[in-house]
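**Student:** kindly generate the corresponding structure for this input.
(one chain, ligands or ions: 1)
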Amino acid sequence: METNGQEEDTILTETVHIKTKQNVLTLTLKGLQVFQSKDDETSATTLKWPDVLCIQPSQTSSETGCYVLQYIHHEANTSLQIKTLQIQRISEQCVSLMNQQIADSGRPKKLFVVINPIGGAGKGLQIYHEEAEPLFKLAGIDATIVVTEKSKHALLIGENTDFSQYDGIVVVGGDGLYQELLQGLTLQEQKKSGINYDSPDTDLVKLSIPPIGIIPAGTGNATVRFYNGGFFTGRRTAILNIIRGEQYRASVFAVYSNSKFFSVSHLQVTYGLFADIMKRAEELRWMKKFRYFYSILGQILFSRKRYFDAEVYYRTLDVNSGVVAEANSSDWISLKPAIQHCYSIYAMPFELVDTVNTKYVNPFGQHCHLVISTGCSQLSSLLSLVSQNKTSKPGMEVLTNITEFKIKVARENSASPVSDREARDIDLEKGIQIDGEFLKLETPEFLVRLQTSFVPVFGCKPAVT
Ligand SMILES: Nc1ncnc2c1ncn2[C@@H]1O[C@H](COP(=O)(O)OP(=O)(O)OP(=O)(O)O)[C@@H](O)[C@H]1O
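**Tutor:** Sure, this is the predicted structure:
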């Protein structure tokens, strides 16, 4: 709460006691402040209304006017914690005004919650009931819960539910569950609008839905980290950001193939190496969460690179003018040489800020980067994905400021395989990995278009280091 202009914003000022010492409590339109003495600003606790969880009568003191204030504390690295403040001798009028301001702070009042009971360690329900529900109750939030009963259930929920009576949609699961819901929501919005959403030349209609919050309960929980400042330090931060109600519009990819809208992607689109790893992980599903570790290790240590020839075309944003280069031209920019002999292509719908002074991943950005591994080691390609590298190096081309790209894979293998390995390679040639799932294309070519400000999400801006 700023002191500038505070006088005009002030709703009420009164004297209260904290730890038996006299304090001044001031309520303003923006928040509240408690301080021992006007001359000692350092002793002040200053809170904005979205950070005030609740004020309730103390359970440990029978004294009238003794209340416990619970509030959200912001740590230096964007993680959030709950703190309490016991206040004595506070008036009923002040408590009632505080409750009014908390209710008007913009936090959601009604949430629609989708829980995956089998994601990750199978603890989605437990996580929700033990960690999220008590905090939602404390914050006066009502929740309607739907537990998914089968694969793709979240897609049907997204496609067929009218969310207009809710202030937020919450996903309790991993990246896969969020992708399914997003896919359903995207289809619902496009169908409602009547556009030809199969054409990549038609802009998708941005989602006009209540913001989505993710409570991580899957094996892969990457996107929630980026939506919550990039330094994800626990589920509690994600839950508290939903309660705070701060929202942004995140970018996603729209993926097209064979002249059809194929999928929406909130995390990553990969072709080649990482799609192959994901395919192997699916075959090892019985190993539960260890399947990723095992399939990555198996590929890096024991498997050869599966090379393919690809034509790569792209469009970029002129970051200084904000204009998409070549946007009105039918010509795409092509890599030189036009055909890349490579083994991995990937992109994430995030803007990477990586300068001498700062490095962070921004999911609310305007462009992304595309990485093509040609001659570098598989480990190097993997590390670049994990570390969000955006610098080209020998055997790895990184294209920056990308807004869309098009990949056409030339068939490396003969149509009639002579060995099991060749048969597997042909199978893999049509594979693409989207947000952790291995999917099959009809033909090995696809177009990916960044859709900026596409989906409203609860969260906070990236932590700038
Ligand atoms: N009741 C259910 N029975 C079977 N599958 C389900 C059920 N509910 C959701 N799913 C499926 O679970 C998959 C994974 O969900 P989620 O992303 O929450 O967890 P995860 O453990 O990170 O995922 P993954 O297993 O892909 O690593 C989704 O593809 C979804 O279709």
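**Student:** mind listing what's buried in stretch 53-70?
**Tutor:** Within stretch 53-70, the residues scored as buried using 16 or more other C-beta atoms under 10 Å are 53-55, 65-70. No exception for glycine: its C-beta is placed from N, CA and C like everyone else's.
**Student:** same deal with stretch 87-98?
**Tutor:** By 16+ other C-beta under 10 Å, the buried positions in stretch 87-98 come out as 87-90, 94-95, 98.
**Student:** now do the end-to-end distance for that stretch.
**Tutor:** One end of stretch 87-98 to the other measures 13 Å (C-alpha to C-alpha, to the nearest Å).
**Student:** need the residues that contact it.
**Tutor:** 11-12, 14-18, 20, 23, 25, 27, 32, 34, 52, 55, 61, 63, 65-69 (C-beta atoms under 8 Å, 6 or more residues apart in numbering).
**Student:** what does stretch 194-207 give?
**Tutor:** Residues outside stretch 194-207 that contact it (C-beta under 8 Å, 6+ apart): 185-186, 189-193, 249, 254, 256, 259-261, 404, 447, 449, 451, 453-456.
**Student:** what sits against the residue of the stretch 1-150 of the chain found nearest the ligand?
**Tutor:** Residue of the stretch 1-150 of the chain nearest the ligand, by C-beta to the nearest ligand atom: Gly119 (2.8 Å). Neighbour list for Gly119: 173-174, 176-177, 217-219 [criterion: C-beta under 8 Å, 6+ apart].
**Student:** return the helix or strand in the chain with minimum mean pLDDT.
**Tutor:** None of the helices or strands of the chain scores lower by mean pLDDT, DSSP states H and E than strand 323-324, at a mean of 62.
**Student:** if we can go back for a sec, mind giving me TSV with the buried residues of stretch 53-70 and columns for secondary structure?
**Tutor:** Compiled in TSV, those are given as follows (DSSP: H, G, I helix; E, B strand; the rest coil):
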residue	secondary structure
Leu53	strand
Cys54	strand
Ile55	strand
Gly65	coil
Cys66	coil
Tyr67	strand
Val68	strand
Leu69	strand
Gln70	strand
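**Student:** what does this structure put close to the ligand?
**Tutor:** 116-120, 148-153, 173-177, 180, 218-220, 436 (C-beta under 6 Å from any ligand atom).
**Student:** could you redo the last one with a cut-off of 5 Å?
**Tutor:** Residues of the chain lying near the ligand by C-beta under 5 Å from any ligand atom: 116, 118-120, 148-151, 173-174, 176-177, 218-220.
**Student:** which two in the buried residues of stretch 53-70 are spaced the farthest apart?
**Tutor:** Within the buried residues of stretch 53-70, Leu53 and Gly65 form the most distant pair, 19.8 Å apart (C-beta to C-beta).
**Student:** circling back to that earlier point, make CSV out of the buried residues of stretch 87-98 and add secondary structure and pLDDT.
**Tutor:** Formatted as CSV, the buried residues of stretch 87-98 follow (DSSP: H, G, I helix; E, B strand; the rest coil; pLDDT from 0 to 100):
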residue, secondary structure, pLDDT
Ile87, strand, 93
Gln88, strand, 92
Arg89, coil, 92
Ile90, coil, 93
Cys94, helix, 95
Val95, helix, 96
Met98, helix, 96
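**Student:** re earlier: list buried residues within the residues of the chain next to the ligand.
**Tutor:** 116, 118-120, 148, 173-174, 176-177, 218-220.
**Student:** which regions of the protein lie under the pLDDT threshold?
**Tutor:** By pLDDT under 70, the weakly predicted segments of the chain are 1-8, 37-43, 231-233, 321-330, 411-418, 465.
**Student:** any idea where the helices of it begin and end?
**Tutor:** Taking DSSP state H, the helices of the chain run over residues 6-9, 92-103, 124-127, 133-138, 153-160, 175-193, 222-227, 235-244, 273-283, 290-302, 378-386, 420-429.
**Student:** what would the ones you listed look like in JSON lines with distance to Leu335?
**Tutor:** Formatted as JSON lines, the helices of the chain follow (distance: least, C-beta to C-beta, whole Å):
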{"stretch": "helix 6-9", "distance to Leu335": "56"}
{"stretch": "helix 92-103", "distance to Leu335": "55"}
{"stretch": "helix 124-127", "distance to Leu335": "43"}
{"stretch": "helix 133-138", "distance to Leu335": "49"}
{"stretch": "helix 153-160", "distance to Leu335": "34"}
{"stretch": "helix 175-193", "distance to Leu335": "28"}
{"stretch": "helix 222-227", "distance to Leu335": "27"}
{"stretch": "helix 235-244", "distance to Leu335": "38"}
{"stretch": "helix 273-283", "distance to Leu335": "18"}
{"stretch": "helix 290-302", "distance to Leu335": "25"}
{"stretch": "helix 378-386", "distance to Leu335": "17"}
{"stretch": "helix 420-429", "distance to Leu335": "20"}
